[in-house]
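Enquirer: Next input, structure requested:
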Amino acid sequence: MEAEQKQFLKDLLETPSPSGFETENLRRWRERAEEAADTVRSDSYGNTVATVNPGADASVVVAGHVDEVGMMVNHVSEDGFLYVKKVGGLDEGVAEARRVVVHGEEGDVSGVTGRKPIHLQEDEDKESPPEIADVYVDVGVDSEEEARQLGVHVGAPVTYDVGYTELAEDVVAGRGIDNRIGCWVAAETLHAVERDELDVTLHAVATVQEELGLRGAEMTGYNLEADVALVVDVTFATDTPDVTESKHGTVEVGEGPTLKHGKENHPIVLKKLQDAAKERGIPVQREAIMTRGATDADAFYVSRGGVPTASVGVPNRYMHTTSEVVDLGDVEATRDLFTGYLENADANDSYSQL
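Expert: Have a look, this model is predicted:
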């Protein structure tokens, strides 16, 4: 991955954007998209659409969501501890004993989530993760008044204070890789596609509030009236010792993105992606999906009268934890796969199965 592209990815991963609070990261994404797009526009909730080759007879969406799971201040106690609610599918099992940032009205406030020392724990403390209502944040003050003087307030978002880390070779770890890498793919597809090869309009999209129920994709799918939607999100890597492949399938980090079979994945769109992968020598994996999980693809494919859609997954270890792990080669391969699809697309392509 080139240095400029890697810096863009790092910026996306290190900029807080819990669901409902995505504005700063959307600005970063928009700046990168504007370098390659003909037009860029945002709706009232922040969903941002960058368009290349407007006015063609057919259009294709490439979408990733910019929001991440996190927490929100729900109560400030008299002695200055902050109690929280989940924003999206936060894993309570990794919520305690973490450094966090409270994004208050006067700026960021550093804190830690408390955990009872192991010396004082009872057996029941060790048996199961805490309920989110029992998780509290210590910002180092002694009273509710002091906490509020720092700008802390009910409704303030809270994120883990962890950033981007490079592991061996092209493997990286970070908070909220789900799904800022999808936003990276959408923006970088704009940069990679050969305009002279485009017979369709390309809409690259950064959606909001996926972790709260695909809200941004519902808005965008309705507004764009696209002919095809290509959605990129992370998918569950099963190549760790604690995951059973016979139950969850075989998905390996570093072996390419997954092409999913079933549910929202339109057979003709899927076949065109397979053809693009074969033509360009892009490694892909197969994944069966019917009832498990939900991505923005679930919103796009039922939009209006139904949009032919495919959901492409980037293998991700430790999803919804403080340190998700992906291979940058899989991320770049997803961009290249979408670029190949777009450059092969014809405005007169039919997606009728009958």
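Enquirer: List the contacts of the worst-scoring helix or strand of the chain on mean pLDDT.
Expert: Between all helices and strands in the chain, the lowest mean by mean pLDDT, DSSP states H and E belongs to helix 123-127, at a mean of 72. Taking contacts as Cβ atoms under 8 Å, 6 or more residues apart in numbering, the residues outside helix 123-127 that touch it are Lys116. Any C-beta I mention is one placed from the backbone N, CA and C, and that applies to glycine too.
Enquirer: so which helix or strand takes in Val232?
Expert: Val232 belongs to strand 228-236 when assigned by DSSP states H and E.
Enquirer: Can you name every helix or strand that that strand contacts?
Expert: Secondary-structure packing of strand 228-236 (3 or more Cβ pairs under 8 Å, 6 or more residues apart in numbering; DSSP states H and E): strand 59-65, helix 177-192, helix 267-280, helix 297-300, strand 309-316, helix 328-344.
Enquirer: Could I get the contacting residues of Ala299?
Expert: Per Cβ under 8 Å, 6+ apart, neighbours of Ala299: 214, 217-218, 221.
Enquirer: swap the cut-off to 10 Å and go again
Expert: 63, 207, 210, 213-222, 229, 231, 264, 307, 309 (Cβ atoms under 10 Å, 6 or more residues apart in numbering).
Enquirer: In strands, which of those residues appear?
Expert: 63, 207, 229, 231, 309 (DSSP state E).
Enquirer: Could you identify the most distant pair in those?
Expert: Thr207 and Thr309 (13.6 Å; Cβ to Cβ).
Enquirer: Spell out the residue ranges of the helices in this structure.
Expert: Remark: helices assigned in the chain by DSSP state H are 3-14, 23-34, 123-127, 144-149, 177-192, 215-224, 245-248, 267-280, 297-300, 328-344.
Enquirer: could you dump the strand holding Val232 to CSV, C-alpha only?
Expert: Output in CSV follows, covering the C-alpha atoms of strand 228-236 (Å, rounded to 0.1, in the frame of the first residue of the first chain):
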residue,chain,number,x,y,z
VAL,A,228,-26.2,-2.1,-8.6
ALA,A,229,-24.8,-1.9,-5.1
LEU,A,230,-21.4,-3.2,-4.1
VAL,A,231,-21.0,-3.1,-0.3
VAL,A,232,-17.8,-3.8,1.5
ASP,A,233,-17.6,-4.6,5.2
VAL,A,234,-15.5,-6.8,7.4
THR,A,235,-16.4,-10.5,7.8
PHE,A,236,-15.5,-13.0,10.5
